[in-house]
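Asker: Everything below, folded, please.
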Amino acid sequence: MVPNFDTFNGQHLRMNARLRQDAIVRSLRRTGTSTLADLAEAVGASRRTVLRDISALRDAGFVIHSEPGRGGGLQLDPQSVQTTARLSVAEVFALLISVASMRAAGNLPFSALADAGLAKIERALPADKLRDLRRFLECLYVGQLSPQVDISDMGTMDPALLSAFESAFLQRRHLHFRYRDSKGAVTSRAVEPQAMLILPPLWYLVGWDPSRQAFRHFRMDRISAPQIDESTTFQRRHVPFEDHVRPVRDLSR
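Answerer: Numbers count the residues shown, from 1 in each chain. Presented below is the predicted three-dimensional model:
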């Protein structure tokens, strides 16, 4: 059964429309035929909401048949595909930075095909999403990690981090989070997100810390519980990087 709630920062948030519709498509692909009641239970929504989702999916190009009566239900055409891109800015950005990270590490087989595929995805984006994606990419830098840096304690990144970055960077909102330093001490931090720096295999958030009046680098695998401060905005600052660090858009292809 598809979970009907997502957990974020200790609070339960109802599944948003896009995630709910994706869950409906997955459910129909797996089961072949589902009743409206079964789908509503699977995604934790009312039957009326699921009907609206079915209508939206049909508008997006999915062919969903309705069979009335006992034994009937909703059925997705096996050959059905959507006709419009449903990727969010954060999802496309995640793909782009993954490719950039592998390229910076010198480990990107089939790079020409990867670039061609990403270019097609970008062309399919609506104008407003493409504009946001380009603004997002302006904040991304790639370089080489010093061999002296200890990565033995490298952990995993909080899945909520990228979606929080989307609001923080695009809307220029302050980001609050908990940070665990190299000695394990945890502190609460509040910064102006200015850049993302990939030094494979480590990823860093570069932020201006107003309390210290200085730039700080935060390893992303040590950041947890990110929260956006909607009350204030900030101005972009020039971040001084070392010579080996380049904007991701300047990487040779």
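
Asker: hey, where'd the strands end up in the stretch 151-253 of the chain?
Answerer: Ranges of strands within the stretch 151-253 of the chain are 173-180, 186-199, 202-209, 214-219, 223-233, 246-247, based on DSSP state E, counting those that start in this stretch.

Asker: out of those, which comes closest to G32?
Answerer: Distance to G32, taken as Cβ to Cβ, is lowest for strand 223-233 among those, at 39.5 Å. Glycine gets a C-beta too; all of them are placed from N, C-alpha and C.

Asker: Pull out the buried residues from the closest one.
Answerer: 223-228 (16 or more other Cβ atoms under 10 Å).

Asker: the inter-axis angle of that strand versus strand 173-180?
Answerer: 160 degrees (axes from the mean of the first three to the mean of the last three Cα atoms, to 10 degrees).

Asker: list the helices and strands strand 223-233 packs on?
Answerer: Counting by 3 or more Cβ pairs under 8 Å, 6 or more residues apart in numbering; DSSP states H and E, the packing neighbours recorded for strand 223-233 are helix 160-170, strand 173-180.

Asker: so which strand or helix has the most centrally placed residue in the chain?
Answerer: Residue closest to the mean C-alpha point of the chain, counted by Cα atoms, centre = their mean, is A90 at 3.7 Å. Using DSSP states H and E, A90 sits within helix 89-104.

Asker: Format the CA atom coordinates belonging to that helix as CSV.
Answerer: Extracted C-alpha coordinates of helix 89-104, given in CSV (Å, rounded to 0.1, in the frame of the first residue of the first chain):
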residue,chain,number,x,y,z
VAL,A,89,12.7,21.9,-11.0
ALA,A,90,14.2,20.0,-8.0
GLU,A,91,14.0,16.7,-9.8
VAL,A,92,15.6,18.0,-13.0
PHE,A,93,18.2,19.8,-10.9
ALA,A,94,19.0,16.5,-9.0
LEU,A,95,19.6,14.8,-12.4
LEU,A,96,21.9,17.6,-13.6
ILE,A,97,24.0,17.8,-10.4
SER,A,98,24.4,14.1,-10.4
VAL,A,99,25.8,14.2,-13.9
ALA,A,100,28.0,17.1,-13.0
SER,A,101,29.3,15.3,-9.9
MET,A,102,30.2,12.2,-11.9
ARG,A,103,31.9,14.3,-14.6
ALA,A,104,33.9,16.2,-12.0
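
Asker: who touches that helix?
Answerer: If you take Cβ atoms under 8 Å, 6 or more residues apart in numbering as the criterion, helix 89-104 is touched by 108, 111, 114-115, 118, 121-122, 125, 129, 132-133, 136-137, 140, 142-144, 162-163, 165-166, 170, 196, 198, 200, 203, 248, 251.

Asker: For ChimeraX, write the selection for the buried entries among those.
Answerer: To isolate the buried members of the contacts of helix 89-104 in ChimeraX, using 16+ other Cβ under 10 Å:
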select :108,114,122,125,129,132,133,136,137,140,142,143,162,163,165,166,170,196,198,200,203,248
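
Asker: Restricted to helices, list the contacts of helix 89-104.
Answerer: 111, 114-115, 118, 121-122, 129, 132-133, 136-137, 162-163, 165-166, 170 (DSSP state H).

Asker: Relative to R58, which of the residues you listed is nearest.
Answerer: Closest to R58, out of all of the ones in helices among the contacts of helix 89-104 and judged by Cβ to Cβ, is K129, at 22.0 Å.
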